[in-house]
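Participant: My questions are about this predicted structure, shown below with the sequence.
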Amino acid sequence: MTTTERPPIPDPIDLDRAEEARLRTAAGLSLTASQRGGEYAGFEDIGLPDRPPQTEREAEVYSLAEGEMLLNMGPQHPSTHGVMRLVVKLRGEVIVDIDPVLGYLHRGIEKLCENATYTTVMTYVDPMDYLAVMHNEHAPAMAFEKLYGIEAPKRAEYIRALVVELDRVASHGLMMGFLSLDMGGLTPILYAFINRDEVVDLLSAISGQRMLFNFFRIGGVNWDVNDEFLSRLGTWRSHVLKNIEMNEHLITDNEIFRGRTIGMGVLSGRDAIALGVSGPNLRASGVAFDVRKAHPYSIYRELEFDVITQESGDVYARYLQRIAEIKQSIHLIDQIIDRMPHGPVQAQVPGIVRPRPGRAYAAVESPRGLYSVYAISDGGPNPYRFRMRDPSFISLQALPKLMPGHLVADTMAVMASFDPVMGGVDK
Amino acid sequence: MAIVDPNTGLTRPKAPIIVPDQAPDDDLLREFGMEEHPQGGFHGLLEVIPTKADYVLDLIRANSLWPLLSGLSCCAIEMMSTATSVNDIDRFGMFPFRASPRQADVLIVAGTLTTKMAGPLVRLWEQMPEPKWCVAMGTCTTSGGRFKRSYSVVQGVDRVMPVDVYVPGCPPRPEGLIYGMMKLHELVKQRRGQWSTYVDRGPQRTRWEGDVR
Amino acid sequence: MEHVRGPRPAAHPLGRGRSLTTPVAVGPLVRLLTERLGTTARGLWTDADTVEIQVDGADNVEVLRALRDDDELDFFFLADAAAVDYGIDAHFEVVYHLYSSKHPAWLRVRAHVERGNPRIPTITGLWEGAMFHEREMYDMMGIVFEGNRDLRRIYMSPDYRSFPQRRDFVLPDDAADSAAAGVNPLERPETWDLDRLRQAPGVTFPPSEFRDDAPAEGPHDGVQDGETATDKSRPR
Amino acid sequence: MDLELLLGIGRFLVATTLLLLLTVPTAFVIIQMELKVIARMNLRLGPNRVGPGGLFQSTIHGFKVLAKEDTIPDQADNTTFTLAPWMVYMAAAMSMLVIPFAPGAIASDMNIGIVYFFAVLGLSVVGLLVAGWASYNKYSLLGGLRSAAQMVSYEIPLTLSVVGAVVLAGTLSFSELIAWQRENVWLFVAQPVGVVIFYIASLAEINRTPFDMIEADSELVAGPFTEYSGMRFGFFFFAEYVALFIMSGILISLFFGGWLAPWPFPAQLDGFAGTLWGILWFFLKTYIFVFVAVWLRATLPRIRVDQLMGVAWKVMLPLALVNLFVTAIVVVVLDL
């Protein structure tokens, strides 16, 4: 080997920087602030928009007063339930203002549904609220049946109510786990998943899929109740209350948990109605509005259950509300199993459904609130317009109203108590 | 003399940037009869041959892959139920889901990647220290899945970052994800990770230069 | 926790053939609507469980305020606000669904918005909860809500130029022939700008004033009169 | 330089290197124990693939962290960024010197052992604060400030709770303290309030649940060490577990009779056999309290920052002062 003195290997970091600067100047783009090395070198990547604010709210949130700081709880944040970005304006640890930035999981489901036949709309709608998938399918099924002018047989309606209530128990059980996970408890989330995995295996015995069931059809359900489903239902029913109580012992009367949730994120009934919050969060503020009682659909007219409300409307009340609703759902499941009639589970419906031109609105009580579908048909094979109202998307508006004044640690608790699912929020 | 990365002991294929006053590295290597592999990296006389010590190091890395705590949509719930009591990913040494990308080895992309989320995800991938691997979990992540025709979905994560293991299923069962992790173990033991090709080539020039889609 | 009550003895089998969705009694609601909103509400129409009225876009706030504040009507909860596009040469429509504890039917108010100048007064004054509804309608359909203090895009990134849910916005593979109409440049790798990806949340880069080909489209300089929104939605 | 001084220095150097090397295996053992215990409490199988029954899992984690690339952020302040983990680990390692493992086996039997221990413990506060500031990341800045506030405000009750025991025993060195406990009663009987305050304050001092505010996963991504990767993060990771071992060791030395067996010593066990017997009992008792700390981590959620401060200043401090006051009166009246 010749012993010519070899130039030293350049440090890769400087090489990357040189390349970055070269590419940017070549593309005629401005250097990033950090490369310009200006005084606010680090400002450009925390979401401070570099164009003049376009709306009053944006000017209000993104203008920093003295001693304030913008913290970017970014799309990948361990505790937000999925990809939601909260730009939080902090003064020390106290939150001054909060601005949710959504859209990181926007898949354009409504546009896709306008190009899909009525039966394939069920598959597009499944991954929306992926913790309460049966409810996602229940509302479109009811809306399309109104459009098509057909009615599901009695047994199909009972099976629908059964699987919907099972899904509600699993979803509310998970909420308890997420709430304690966001406050540092490691074990409740795993106990909650035990209950959820049991319910999911139960539902996969009847629908064949673990999570995105695709079980509802226009005019009924896909399969009848089989014996594996019933035997698992029996074993699950026998120990579900014990499982829920096991989780409750860890959380409900835990002094640290109560200290961190009682009095946090108080939402009054009047504000909740004005903000469009619905479901357990609304009932936790004292307003008894439950779609199953307000506009009884399916067989909820014949089932006997009561709408439970709490008074204080804080994080602890929402937690208690969900436990009470789990018990109501179990009570409903008992009644449904008692009164399940015999008969077909699927009405006679042609392969490609072409409903008469018209409009239909169907609302369902999902674990996160009023989930409703507004479908317009023009007589063709695919819906002309398919609009979905997702409850967690609308109830997220309460965050900017509730959070100012709380601490950063409380954002996680209040967020977990609202239990938003980003698939539904971003549609 | 192959360029051995001081930190990880892995060979980094030719340095990406040609600094004007220094002869490009691949010319240096061509003197020794090394020809360039289309995927990046070199074959020939001076290739670094993994020895027993490298194999032990790979075994250590394989058995303690820390996944990054980041889920996009429904597959994230199945990823969580993989880490729970019924089927437990902690048995393979993967439990502490690290919250910060700086301490993570594996980025399990679980869910539909949308155009708005592509920027942050690429940034997350670049913040992870080497050696790092990527597992695309679910059909939405691998190829856009049931939302392939949508206007705001990136049709496959490998358009923005190099992916090592694709786990099919919508969502894949926890056992499916664990099977994908076992495949990743084999891949780690044979050092066939994709990330080294990303460093100098960038995503779009990876596999499908000629591919017309 | 109070204990779960045991199931009641099985009730009598269901009525013979009584259909579940029996039409609800909408008589008093229809009479009140004609009485209160006689002229402004047109095309009153009822379904098994919904009552529908059509209204001009300009006086949607006045109608909704009457529906909400009148204690006999008492439609206090805004369930849903949706935007519907009836075709390239037809008009837009903003559809509000309201719930009242006094009447057993849903009330649907359809406000007419012409396509050339998609402007309609905001109802965030009546319900704060309508903010996200309106931001989504602006983002998806390009309907500008006058008086809304926070009309930004909620789903797409702020420098996205087209309105995806309009009828003239076609999905990628339907638009195989047209030159990527409405397709986000990210679909075609050869147009990739790696820096746009590397930047943080894909929100603000490249900064709009630097991009000469498409300055940011704020509500104020959005759709001029006469010029249809369609050509705005195709990236030049 | 007389021979005796040289011998003493030599003995001290050997002891310190031995202890420094001891910290790494203790960290591995405790991490392995935590992985398995938390897994069992979550009703799941812990790691069982690496080594017999998964025993080597924590060592594998340690070596993997060793082999990772350690990145330094672009705008980070390089010198302090690299020094911070060293400071935190040194605080933990240096306080190993005064732990009384057995009758003869103390690295340096200082007569002011307790004061030295609390002085060294303060160093880790500086380390975390510097780590939070140097890594130019908002999350780590918040985490660093929180950890500084928490540790400073919990050091005071920690120290005061020990003063009661010192007043009773009349000495500041660990070995004499243990000797006092051998004659009289174990100090946790004499100082019940002191034990409780010490244990709670020690949990807060080493950032264990329910006080692990600084690396609160859900809020501040990973606290001060968000930007640390590779072996630098490894230092932080090990320092936390070594500190847990040390805190338990100090707790049992002060209040639960160090290396004393619960029943009086058999007379003939002295010299080498006595040391072994002492080491056995020391490690047994220490790992009981380590298990309790891990048990707490599995069950309890996290306390919020302001409640944390409130408990420290409004509850623990006055209680510790009252305890000290009562002990002083008892000592004066009964002139122990």
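Facilitator: In hand now; what should we look at?
Participant: and the gap between the nearest residue to residue D:180 once chain neighbours are set aside and residue D:161?
Facilitator: Spatial nearest neighbour of residue D:180, chain neighbours left out: residue D:169 (4.3 Å); criterion: Cβ to Cβ, 6 or more residues apart in numbering or on different chains. Heads up, the C-betas are built off the backbone N, CA and C, glycines and all. Residue D:169 sits at a distance of 14 Å from residue D:161 (criterion: Cβ to Cβ, to the nearest Å).
Participant: Which of the two has more residues huddled nearby?
Facilitator: Comparing residue D:169 with residue D:161 by neighbour count (other Cβ atoms under 10 Å in any protein chain shown), the higher total belongs to residue D:161, at 27 against 21.
Participant: Secondary structure element for that one, which one?
Facilitator: Per DSSP states H and E: residue D:161 is located in helix D:138-169.
Participant: what helices or strands is the next helix or strand after that helix leaning on?
Facilitator: Later in the chain than helix D:138-169, the nearest helix or strand by DSSP H and E is helix D:174-183. Here helix D:174-183 touches helix D:113-121, helix D:138-169, helix D:230-255, going by 3 or more Cβ pairs under 8 Å, 6 or more residues apart in numbering or on different chains; DSSP states H and E.
Participant: What ranges in the stretch 101-250 of chain D fall below the confidence cut-off?
Facilitator: By pLDDT under 70, the low-scoring segments of the stretch 101-250 of chain D are D:213-221.
Participant: So which bits of it are right by chain B?
Facilitator: D:217, D:221, D:222, D:225, D:226, D:227, D:228, D:229, D:230, D:233 (Cβ under 8 Å from any Cβ of the partner chain).
Participant: burial measure for the spatially closest residue to the third one that is not a sequence neighbour, as a count.
Facilitator: The reference is to residue D:222. With Cβ to Cβ, 6+ apart as the criterion, residue D:222 has its nearest non-adjacent residue at 4.2 Å, and that residue is residue B:100. Using other Cβ under 10 Å, residue B:100 has 27 neighbouring residues.
Participant: give the contact list for residue B:100.
Facilitator: Counting by Cβ atoms under 8 Å, 6 or more residues apart in numbering or on different chains, residue B:100 makes contact with D:221, D:222, D:225, D:226, D:227.
Participant: Pick out whichever of the residues you listed sits closest to residue D:202.
Facilitator: Distance to residue D:202, by Cβ to Cβ, is smallest for residue D:225 among the contacts of residue B:100, at 21.2 Å.
Participant: Enumerate every residue touching the closest one.
Facilitator: Residue D:225 sits next to B:100, B:103, D:85, D:131, D:135, D:140, D:215, D:232, D:233, D:236 when contact means Cβ under 8 Å, 6+ apart.
Participant: Whichever helix or strand residue D:14 is part of to helix D:230-255, inter-axis angle?
Facilitator: Applying DSSP H and E as the criterion places residue D:14 in helix D:3-41. Helix D:3-41 and helix D:230-255 are oriented at 100 degrees to each other (axes from the mean of the first three to the mean of the last three Cα atoms, to 10 degrees).
Participant: close to chain B, is helix D:3-41?
Facilitator: Yes: Helix D:3-41 lies within reach of chain B by Cβ under 8 Å from any Cβ, at D:35, D:39.
Participant: Show me how the record splits chain C into domains.
Facilitator: Chain C breaks down into these domains under automatic domain parsing: C:27-146, C:168-236.
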